[in-house]
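> output the structure for:
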Amino acid sequence: MSILKVQGLSKSFGVETLFHDVSFEIGRGDHVGFVGANGAGKTTLMKILMGKEEADGGSVQFDRAATVGYVEQQADFGEGTLYEEFKRAFEDVMELGERKRELERRIETEQDEALMEEYGRVVERFEQLEGYDYESRIRRVAFGLGFTEEDFERDAAHFSGGQKTRICLAKALLREPDFLFLDEPTNHLDIHMIEWLERFLKNYRGGVLIISHDRYFLDRVAARIIELSDRTVTSYEGNYTHFMQVRTQRREALKSAYEKQQEHIRKTEEYIRKYKAGIKSKQARGRQSQLNRLERIVVPPEEASFSYFAFHKPPECAQRVAELEDVSVSFGSKDIFRHLSLLIRRGDGVALVGPNGAGKTTLLRVLVGELQSETGQVKIGSRVKIGYFSQQHEGLHMEQTVLDEIRYEYGLDEEQARRYLGAFLFHGDEVLRRISDLSGGEQSRVAFLKLMLTGANFLVLDEPTNHLDIPAREAVEEALMAYPGTFLAVSHDRYFLDKVANCTLELDHGHLTEYPGNYSYYLMKKELAEQEEEARQEEAARRSPESDGKKTKTDSYTAMKQAEDDRQRKARKEQAERGRIQSMSETRRAELIQRAEAEIAMAEAELKGLEYQMNDPAVQSDPGRSRSIAEAYAAKEREIEQRYEKWEQLTEA
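A predicted model of the protein is given here:
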């Protein structure tokens, strides 16, 4: 069995220790998530495992025959086409093939026994590496990852960020390695491609180590979490949600033990001071010896977080915050979307999802007035003040220092500005750095602080969690869940969308579909629709003349298996939801309960409205309208039942 064994690994840069005493094992078939704050050293550690960097101490041991695939964050490709880039994954195989052909030419003219023996060894190794099949394998994997025959002739360096991630992934998978190391593999991928990757990794037989800030992805893929924190690692069995529960419990237990030990130390020191010179001096010296031998409990420092991240209460605005009526956008001859309509109400937390290229950012730009619609109109409600968070942070002045960016735009004195910046983890001389010199995550923090200071009551957010590590993402979630205004967010972070949104919009193929719930609700409705469509197709196939009389026991077995799969899927989803709720703070849970009760009240009011329409004689006289309202009424009843189930989960926790 292939195994990776890491023992006592350490790494420093100058006098700064990045990590020390890092030890863990990964076996074939293990799927491990690797988490930690930005700058903790995760990528450096992974590069040491790959042999791309040297460690200062410790060892990394692989089985001699083990193979490793690596998908890094930033992909750099050599010159040449995509097909040539894929072939580079088989350089050793191609060298063997060339050596084989050279030996064949020599054997034709030379009768040498040593030559024949070498030829036999080369052929055996070439066949072991499936050298006759590598070109068809390239096509099989590449087509599976969405590339086409035409893509093979394109320059590899000219593909987009998401496509480059898929190229790296394909190169790693082509050799089906024993170990697969993935550094932020979901960056630049849309939700559909992330879900494809999840399905693939679940069935991958090799060992997998994944650096990721995508908590939903880690919940679906990882069976163990390794956390790099306080310059060393701790291992936790289970997925990300379970890791958070256990980690919180351990920290609380450690704090309790620390406080008890500190009380014991205080009392012992008091006893020693009182009796060290008196009749009980011998006992005092004994207690001092015990105290000297006592192994002190150390509580690791709390992770840096947005301690005071909170939006000021925005001014009240109209009930109808924003409306798009029949809007259309095209670039050249390509339609992005046509004749879309949308209403956002006060207090809504709306998630906008869809594949890359569907037009989500374009829709936001139309809403905030950066792009003009070719048809229809955009209406912004009375007293609505928009705050826009752009992916590119165009609102930041790159030549300014962090301090000046805050002071001059909002008329703050230096003390006020430093206080706000300190809450966003900019301390001391860090506030004197230029915006252009900041990392992507640091620029996001400045942009969020500016958004907080605008006093906007309608936030339009384009990928707000990009470049942020997990603690920062959690802080953004906390702020939005407590935010009393309205927001519309585009994000590929499904964990984030699950927490903050109460409505999900899907933009796909130019069409906008609304789902009255968070991302999990949207996913459930999509799965139900797909199952219903499959059931309709099966029913149609059964009713066709060709299928008459052909029903077998297999149909019954398939139906039973499908029912069992559905039951297990529902149970897993409920268990994951319970774990997520139990890991929340009391404050967060209270906020969610309050929001759930408001949503139930609104849904019940809508049900009353539908009931009134059903009893309207004008509607009853129109069979089409009557049937449509009856269907809407039944759907609203199901929605209310689901919302009550969610409320019960929150209150039971």
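> please tell me how far residue 16 sits from residue 442.
According to C-beta to C-beta, to the nearest Å, residue 16 and residue 442 sit 18 Å apart. (C-beta placed from N, C-alpha, C; glycine too.)
> list the buried residues of stretch 127-139.
For stretch 127-139, the neighbour count (16 or more other C-beta atoms under 10 Å) marks 129, 131, 134, 137-138 as buried.
> nearest residue to the middle of this structure?
In the chain, the residue lying closest to the centroid (C-alpha atoms, centre = their mean) is residue 214, at 1.9 Å.
> check contacts around the closest residue to it other than its chain neighbours.
Leaving aside its sequence neighbours, residue 214 sits nearest to residue 186 (C-beta to C-beta, 6 or more residues apart in numbering; 4.7 Å). Taking C-beta atoms under 8 Å, 6 or more residues apart in numbering, we find residue 186 in contact with 194, 197, 212, 214, 217, 492.
> ok so, going back, now the buried residues of stretch 127-139 as CSV including distance to residue 159, pLDDT and secondary structure?
Formatted as CSV, the buried residues of stretch 127-139 follow (distance: C-beta to C-beta, whole Å; pLDDT from 0 to 100; DSSP: H, G, I helix; E, B strand; the rest coil):
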residue, distance to residue 159, pLDDT, secondary structure
129, 27, 77, coil
131, 27, 80, coil
134, 22, 83, helix
137, 20, 83, helix
138, 16, 88, helix
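> coming back round to it: so which of the contacts of residue 186 belong to helices?
194, 197, 217 (DSSP state H).
> per-residue confidence at residue 606?
Among the per-residue scores, residue 606 holds a pLDDT of 81.
> dihedrals phi and psi, the nearest residue to it once chain neighbours are set aside?
In space, and not counting its chain neighbours, residue 606 is closest to residue 636: 6.0 Å by C-beta to C-beta, 6+ apart. Dihedral pair for residue 636: phi -70, psi -40, per degrees, to the nearest 10.
> these two touch, right, residue 636 and residue 608?
No. With contacts counted by C-beta atoms under 8 Å, residue 636 stays clear of residue 608, the gap being 9.8 Å.
> between these two, which is the more surrounded one?
Between residue 636 and residue 608, counting by other C-beta atoms under 10 Å, residue 636 is the more crowded of the two (19 against 11).
> residue contacts, that one?
Applying C-beta under 8 Å, 6+ apart, we find residue 636 in contact with 603, 606-607, 610.
> and of these, the nearest to residue 643?
residue 603 (6.1 Å; C-beta to C-beta).
> hang on, the closest one packs against residue 643?
Yes. In this structure residue 603 lies within contact range of residue 643 using C-beta under 8 Å: 6.1 Å.
> more neighbours: the two, which one.
For residue 603 versus residue 643, neighbours defined as other C-beta under 10 Å are more numerous around residue 643 (22 against 19).
> so which strand or helix has that one?
Here residue 643 sits within helix 623-652, counting by DSSP states H and E.
> after whichever strand or helix holds residue 46, next one along is what?
Secondary structure assigned from DSSP H and E places residue 46 in helix 42-50. Next in sequence after helix 42-50, counting helices and strands by DSSP H and E, comes strand 57-62.
> how far does that next one sit from its chain's centre?
Averaging C-alpha positions (C-alpha atoms, centre = their mean, to the nearest Å) puts strand 57-62 30 Å from its chain's average.
> now the helix or strand just after it: buried residues?
Following strand 57-62 in sequence order, the next helix or strand is strand 68-71 (DSSP H and E). Of the residues in strand 68-71, 68-71 count as buried by neighbour count, 16+ other C-beta under 10 Å.
> residue 173: which of those is nearest?
residue 69 (6.6 Å).
> ok, that closest one - contacts?
Residues in contact with residue 69 (C-beta under 8 Å, 6+ apart) are 171-173, 175, 177, 179-181.
> likewise for residue 210?
31-34, 182, 185, 201, 217-218, 221-222.
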